[in-house]
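Chemist: mind folding the following:
(one chain, ligands or ions: 1)
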Amino acid sequence: MSKRVGVLTGGGDCPGLNAVIRGLLYKATKKYGWEVQGLRYGWKGAVEGITIDINLENTEDIVREGGTVIKSSRTNPYKIDGGVDAVCATMEKLKLDALVAIGGEDTCGVASKLFTDKGINVIGVPKTIDNDLSGTDVTFGFDTCINIATEMIDNLHTTAKSHERVLVCEVMGRHAGWIASYSGIAGNADYILVPEEEVDVDDLCATVKKAYECQEYAIVVAAEGAQLGGVDLTKDAELDAFGHVKLGGIGERLAKIIEEKTACETRSTVLGHIQRGGRPSAYDRVLGTRLGCKAADMIEAGDWGKMAAIIGNQTEAVPLEVAVGTLKTLDMEIHENSKLFFGANKLTCAA
Ligand code: F6P
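Modeler: Below you'll find the predicted structure:
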């Protein structure tokens, strides 16, 4: 039976979004013979009925591009007067039989509520560089992000060594330390700060000092949401439509503290959106493609209110409420093991 499928991307952009869009579109069109309608700017497009044309021709090569060709926003229909009814009206007006929402905790959270509250035929596809969505082993975007962050940390090693400095690298990760942990281990950091664990500033400074004395430089990697006793990390008190405070600034504050306590010259670098931009890794291109194709299969199967997930390297349909119920925080075994390498050669140096 012919169907019309809407697709939107919500929240921060993420490498691999275009691979999902292309995967969904190609499978929906070529295998099932359906039409796919892009909704521009995430939930804003669904509320206001803003469309964007996507077809086999104009998406043919987008798998290689970062970001999202159908644009994104952090609009929350539940925070707009009449927003939810407007989404239903758009579904009717555009004659959409199904809606695929590609996004993180917030976008999939809205999809989950729309399914429960209004019975909309939604399918979610998990997206976030933060890798913190439950119900899936991995999210696309994370691999690209940690590869970029690792390369940037490698670059910082060069300057840290040449100038004998402590360099602090601030990476993303509001509530979960996956990015800091993976890029910190791969980039051989002397200390890694993650949101899951309150940092002992004295231990941090002592470790950095030892590393510096031994190797004449030190590298610290900090997640933007890391917990540093007594330091206010909320740079901007303004909240977004999903109630998140804009984070940022831990690197700079940390650099000041380290310099004061260790007397070592310390600077900080914020990777910011550099981590989310650019071309997706091959892994994320394939992962996004698999999930986009799976979303089409889920529509065919009528798997409404579910998300296309990866479990044990197989694609699975998982209830959206599982995905958005709790955050998937960092596996602390990984973090504990990373501590073995904090200031790696300091022991031999001290001996
Ligand atoms: O959710 C992904 C994320 O990259 C977070 O780690 C970060 O806090 C947030 O997006 C920042 O996004 P933006 O600057 O676009 O608001």
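
Chemist: and the residue lying closest to residue 77 once chain neighbours are set aside, how many neighbours?
Modeler: Nearest residue to residue 77, sequence neighbours excluded (Cβ to Cβ, 6 or more residues apart in numbering): residue 83, at 3.5 Å. All C-beta spots, glycine's among them, are computed from the backbone N, C-alpha and C. The number of residues packed near residue 83 is 19, by other Cβ atoms under 10 Å.

Chemist: for residue 313, same thing?
Modeler: 9.

Chemist: pLDDT at it, what is it?
Modeler: For residue 313, the pLDDT comes out at 95.

Chemist: can you pull the phi/psi pair for it?
Modeler: phi 70, psi 10 (degrees, to the nearest 10).

Chemist: again with residue 133
Modeler: phi -90, psi 130.

Chemist: test my guess that it contacts residue 328.
Modeler: Yes: in this structure, residue 133 is within contact of residue 328 by Cβ atoms under 8 Å, at 6.0 Å.

Chemist: so which of the two has more stuff around it?
Modeler: Shown here are residue 133 and residue 328; by other Cβ under 10 Å, residue 133 has more neighbours (25 against 21).

Chemist: quick one: contacts for that one?
Modeler: Going by Cβ atoms under 8 Å, 6 or more residues apart in numbering, residue 133 touches 104, 105, 108, 126, 139, 323, 324, 327, 328.

Chemist: can I get the buried part of those residues as one ChimeraX selection?
Modeler: Selection of buried members from these for ChimeraX, criterion 16 or more other Cβ atoms under 10 Å:
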select :104,105,108,126,139,323,324,328
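
Chemist: near the ligand too, which of the contacts of residue 133?
Modeler: Counting by Cβ under 6 Å from any ligand atom, residue 104 from the contacts of residue 133 sit close to the ligand.

Chemist: can you tell me which of the contacts of residue 133 are in helices?
Modeler: Among the contacts of residue 133, the ones falling in helices (DSSP state H) are 105, 108, 323, 324.

Chemist: CSV please, covering those residues and showing pLDDT.
Modeler: Shown next, in CSV, are the ones in helices among the contacts of residue 133 (pLDDT from 0 to 100):
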residue, pLDDT
105, 94
108, 97
323, 90
324, 92
